[in-house]
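K.L.:
Got a predicted structure plus its sequence, pasted below:
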Amino acid sequence: MLIYEQGSWHVDASAIDLYSQRTPEAAVRAFLRAYENRRFDVLLKFVPQDQREDLTAAELKKAWEGEERADMDRLTGALRASLPTAKIEAFGDRATLAFGAGGSVELVREGGLWKIEDLK
């Protein structure tokens with residue numbers, strides 16, 4: 001969306017939500033974008049409250065750039081490849097997306113935002 005201000009056009013930045021969690025599909029795409037961009041501060045927003053406890057962006061970074069990186073790269077790569085044809089099944093405040101050879105993403109809606117409960 002463009003806004004005309006002070007004699008010139010500007011992009012309305014509020015219309016751009018790179019890390020949207022409004023729908024299950026938007027949340028999965030945003031999660032992948034945040035992971036690819038190594039935005040561990042943003043990735044923390046995708047963790048449900050009951051799994052968060054004292055989890056920090058630094059701890060996510062240490063795990064996902066350390067010993068768990070190969071697994072995360074494999075999972076996120078398979079997930080990204082399956083997105084064009086993926087079907088998300090939503091039931092109330094829960095949603096599931098199956099991908100690849102037996103992979104799945106479990107999502108939960110908290111406070112109107114979709115979060116990644118499990119990725120396997």
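P.N.:
Sure, I can see it.

K.L.:
element containing the residue nearest to the spatial centre of the chain?
P.N.:
Residue closest to the average C-alpha location in the chain (C-alpha atoms, centre = their mean): residue 31, at 1.9 Å. Following DSSP states H and E, the helix or strand that holds residue 31 is helix 24-36.

K.L.:
Which residues does that helix contact?
P.N.:
18-21, 39, 42-43, 46, 64, 72, 76, 79-80, 83, 88, 90, 95, 97, 105, 107, 113-116 (C-beta atoms under 8 Å, 6 or more residues apart in numbering). Backbone N, C-alpha and C define where each C-beta goes, glycine included.

K.L.:
Can I get that helix in PDB, CA atoms only?
P.N.:
These are the backbone C-alpha positions of helix 24-36, laid out as PDB (Å, rounded to 0.1, in the frame of the first residue of the first chain):
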ATOM      1  CA  PRO A  24      -0.900 -21.300  10.100                       C
ATOM      2  CA  GLU A  25       0.600 -21.000   6.600                       C
ATOM      3  CA  ALA A  26       1.900 -17.500   7.200                       C
ATOM      4  CA  ALA A  27       3.500 -18.700  10.400                       C
ATOM      5  CA  VAL A  28       5.300 -21.600   8.700                       C
ATOM      6  CA  ARG A  29       6.500 -19.300   5.900                       C
ATOM      7  CA  ALA A  30       7.600 -16.700   8.500                       C
ATOM      8  CA  PHE A  31       9.300 -19.300  10.600                       C
ATOM      9  CA  LEU A  32      11.300 -20.500   7.600                       C
ATOM     10  CA  ARG A  33      12.200 -16.900   6.600                       C
ATOM     11  CA  ALA A  34      13.400 -16.200  10.200                       C
ATOM     12  CA  TYR A  35      15.500 -19.400  10.300                       C
ATOM     13  CA  GLU A  36      17.100 -18.700   6.900                       C
END
